[in-house]
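Trainee: Got a predicted structure here, sequence first:
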There are 2 protein chains.
Amino acid sequence: MNKKSLKKGKLPQATIARLPVYLRSLVMLANKGEQIVSSDILAQLAGTNAAQLRKDLSYLGEFGTRGVGYEVDQLINEMSKWLGLLRDRKVIIVGLGRLGGALVGYQGFSQRGFKIVGAFDRDPAKIGMVTDGVLVRSMEELEDFVKNTPGGIDIGIIATQASSAQSVANKMINAGIKAIINFAPITIDVPADVVLRQVDLSVELQILSYYLQKE
Amino acid sequence: MNKKSLKKGKLPQATIARLPVYLRSLVMLANKGEQIVSSDILAQLAGTNAAQLRKDLSYLGEFGTRGVGYEVDQLINEMSKWLGLLRDRKVIIVGLGRLGGALVGYQGFSQRGFKIVGAFDRDPAKIGMVTDGVLVRSMEELEDFVKNTPGGIDIGIIATQASSAQSVANKMINAGIKAIINFAPITIDVPADVVLRQVDLSVELQILSYYLQKE
C-alpha cells in the first residue's frame, strides 16, 4: 500500500494521515471563534509537536507569520482543498451487522461530507429494511447501483465477516469503486489503482496489550 | 505519543503495529493446518513485503530456516508473548451509543482474549440494562468498579461523544487505568504513564478522499 499511495499524491503518507487531525482541531477552534492559532497550540490539540506540525504544513505551502501564528480559516480552506473535501463523497456500505449498522448511523461521516447513499447485505431478513434513511439492498444489486449512481460511488465500506471481505471487495472493484475501507479482520488484496484502508479494532487492543506489559 | 511509547518497549512503533496483523495471518494458516510458511507468503497475507517482514521478525529473535520458511506455531507463540496476549485482558467501555453497543458485541474482542467486563453510560435510560451479558452502570460507579475488580482493569474504551471524551479519560485515569482507546472524534490528553490509541473513523475516510483526487 505504501508504494501505491505515494505514487498518487505529493505528500508523505504520515503527513496525509495527520492532516485530518489538524483539520478537526482547526474546525474546533473556528467554532470557538478563534481566528489565529500558534503552532504550539495547534500541535498540542492534534497530539503532535510544533516541529512536526511546521514540517507537515511546509508541504502544503507557505503559511503563518513568525511570532503571530496561523490564520485558522485559511488553514481550514487549504487543508480541505488538499484532502479533497470541498465536494461531498458518496459512500456505500456492505454488511449491516452491528458494526455496519453503527457506521450507517455515525454522524461524523455525514457531518464531514461523506454521505452513505447505499447499503447492502446478503441476509434476506435485512434486505428491504430502511436504516437511517438508507434502503438495504441485496448483493446482486450492488454493481448496477454503483454504475447507475450519477458521478459514481467514491468509497466502499466493508463491514462483513472476514470470510466475505475479499469477495465483497472484488464486487466493489468490478463495479468501479476506487477506494475501500475494510473493517473485516482480514487482509484483502486490491489492484494497484485502488486505495485501501484497513481498520481492525482488535489490532488496536493488541497494540495496547504490548505497551501494558511490564517488561 | 511516539516518545512515550518507545520508552516503554523495545520494538519500533511501526513494527508493534504490524505484529497483530502477522499474528492474525499466522492463526489463519494454523487453522488451515499449515505448519510452515515462507516469508513471501506471510508478508503477502499481512499486506507487506518479505524484506519488511524479515526486519520486523529480526527484532523478536532468530526464526526461520533459509529456503524453508518459518514454523507457524513457533511464530504464533513468540508473537503472542511479545504482544502480552498469553493472558486475558479486562476491558471496560464508556458510552453505549450505537458504536459503543457494536463494540460490546464485537466478537473479535472476546475471541482474542479481550473481555469487556464493565459498561458505563450517563443516560439513565441505559443504566441497568444488560447488553451482551454486560450490565450498564452509571458513571458514578466507574471508579469503584475499576478499583474493586481483582487484578484491575487493563484497558478503557471511550465511545462517547467528543464533548465528554476528556472527562471520561480523566475518570479512567483517576481510577488507575493505564491504557485507553478513544473512538470519540477529538484528541485527548493523557499523562506520560498512560498509553493512548486514537481511532477516528472519519479520519480514515478523509485519508481516502485525499487519494481519490485526480491531481
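Mentor: Nice, thanks for sending it over.

Trainee: which sections of chain A are below the confidence cut-off?
Mentor: Across chain A, the ranges flagged by pLDDT under 70 are A:1-9, A:214-215.

Trainee: Determine the longest helix present in it.
Mentor: Looking across chain A with DSSP state H, the single longest helix is helix A:13-31.

Trainee: Residue A:15 - nearest residue in space that isn't next to it in sequence?
Mentor: Closest residue to residue A:15 apart from its sequence neighbours, by Cβ to Cβ, 6 or more residues apart in numbering or on different chains: residue A:56 at 4.7 Å. Glycine gets a C-beta too; all of them are placed from N, C-alpha and C.

Trainee: From chain B, how far out is the one you found?
Mentor: According to Cβ to the nearest Cβ, to the nearest Å, residue A:56 and chain B sit 13 Å apart.

Trainee: quick one: the helix or strand that residue falls within to chain centroid distance?
Mentor: Using DSSP states H and E, residue A:56 sits within helix A:50-60. Taking the mean of its C-alpha atoms, helix A:50-60 sits 21 Å from the chain's own mean (Cα atoms, centre = their mean, to the nearest Å).

Trainee: So which elements touch it?
Mentor: Counting contacts by 3 or more Cβ pairs under 8 Å, 6 or more residues apart in numbering or on different chains; DSSP states H and E, helix A:50-60 is packed against helix A:13-31, helix A:39-45, helix A:72-82.

Trainee: buried sites along the shortest one?
Mentor: Yep, that's helix A:39-45 we're talking about. By neighbour count with 16 or more other Cβ atoms under 10 Å in any protein chain shown, helix A:39-45 contains the buried residues A:39, A:41-45.

Trainee: shouldn't residue A:11 be in contact with residue A:82?
Mentor: Yes: using Cβ atoms under 8 Å, residue A:11 is in contact with residue A:82, at 7.4 Å.

Trainee: okay, and the common contacts of those two?
Mentor: Common contacts of residue A:11 and residue A:82 (Cβ atoms under 8 Å, 6 or more residues apart in numbering or on different chains): A:19, A:60, B:210.

Trainee: The second one - how many residues pack around it?
Mentor: Read it as residue A:60. 17 (other Cβ atoms under 10 Å in any protein chain shown).

Trainee: Please apply the same query to the first one.
Mentor: Residue crowding around residue A:19 was assessed by other Cβ under 10 Å; the count is 25.

Trainee: Help me confirm that it comes into contact with residue A:85.
Mentor: No: applying Cβ under 8 Å as the test, residue A:19 and residue A:85 come out as separate, 9.8 Å apart.

Trainee: which neighbours do the two share?
Mentor: In contact with both residue A:19 and residue A:85: A:79, B:206, using Cβ under 8 Å, 6+ apart.

Trainee: Residue A:93 versus residue A:109, what's the distance?
Mentor: From residue A:109 over to residue A:93 the distance is 10 Å, taken as Cβ to Cβ, to the nearest Å.

Trainee: and stretch A:188-202, which residues are buried?
Mentor: Along stretch A:188-202, these residues count as buried under the neighbour rule (16+ other Cβ under 10 Å): A:188, A:190, A:194-202.

Trainee: Tabulate the CA atom coordinates of it in CSV.
Mentor: Written as CSV, here are the backbone C-alpha positions of stretch A:188-202 (Å, rounded to 0.1, in the frame of the first residue of the first chain):
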residue,chain,number,x,y,z
ILE,A,188,-7.6,-8.2,1.4
ASP,A,189,-5.9,-7.7,-1.9
VAL,A,190,-6.8,-4.8,-4.2
PRO,A,191,-5.3,-3.8,-7.6
ALA,A,192,-2.7,-1.0,-7.8
ASP,A,193,-5.3,1.6,-8.9
VAL,A,194,-7.5,1.0,-5.8
VAL,A,195,-6.6,2.6,-2.4
LEU,A,196,-7.4,0.6,0.7
ARG,A,197,-7.5,1.5,4.4
GLN,A,198,-7.7,-1.4,6.8
VAL,A,199,-9.3,-0.8,10.2
ASP,A,200,-9.1,-3.7,12.6
LEU,A,201,-10.4,-2.9,16.0
SER,A,202,-8.7,-5.9,17.7
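
Trainee: quick check, it touching chain B?
Mentor: Yes: using Cβ under 8 Å from any Cβ of the partner chain, stretch A:188-202 reaches chain B at A:195, A:197-202.

Trainee: who's in contact with that stretch?
Mentor: A:1, A:4-5, A:8, A:158, A:165-166, A:169, A:173, A:177-183, A:185, A:187, B:20-21, B:24, B:47, B:103, B:106, B:108-109, B:112, B:114, B:199, B:201, B:204, B:207-208, B:211-212.

Trainee: Any quick ChimeraX command for the buried ones out of the residues you listed?
Mentor: The buried subset of the contacts of stretch A:188-202, as determined by 16+ other Cβ under 10 Å, is captured in ChimeraX by this line:
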select /A:5,8,158,165,166,169,173,177,178,179,180,181,182,183,185,187 /B:20,21,24,47,103,106,108,109,112,114,199,201,204,207,208,211,212
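
Trainee: just the buried residues of helix A:39-45 now: which is nearest chain B?
Mentor: residue A:45 (5.9 Å; Cβ to the nearest Cβ).

Trainee: Would you agree the closest one is in contact with residue A:23?
Mentor: No: counting by Cβ under 8 Å, residue A:45 sits too far from residue A:23 to count as a contact (11.0 Å).

Trainee: ok, back up a step: what sits against the residue nearest to residue A:15?
Mentor: Applying Cβ under 8 Å, 6+ apart, we find residue A:56 in contact with A:15, A:18-19, A:22.

Trainee: out of those, which is most surrounded?
Mentor: With neighbours taken as other Cβ under 10 Å, the top of those is residue A:19, carrying 25 neighbours.

Trainee: so how far is residue A:158 from it?
Mentor: Note on residue A:19: its distance to residue A:158, by Cβ to Cβ, is 24 Å.
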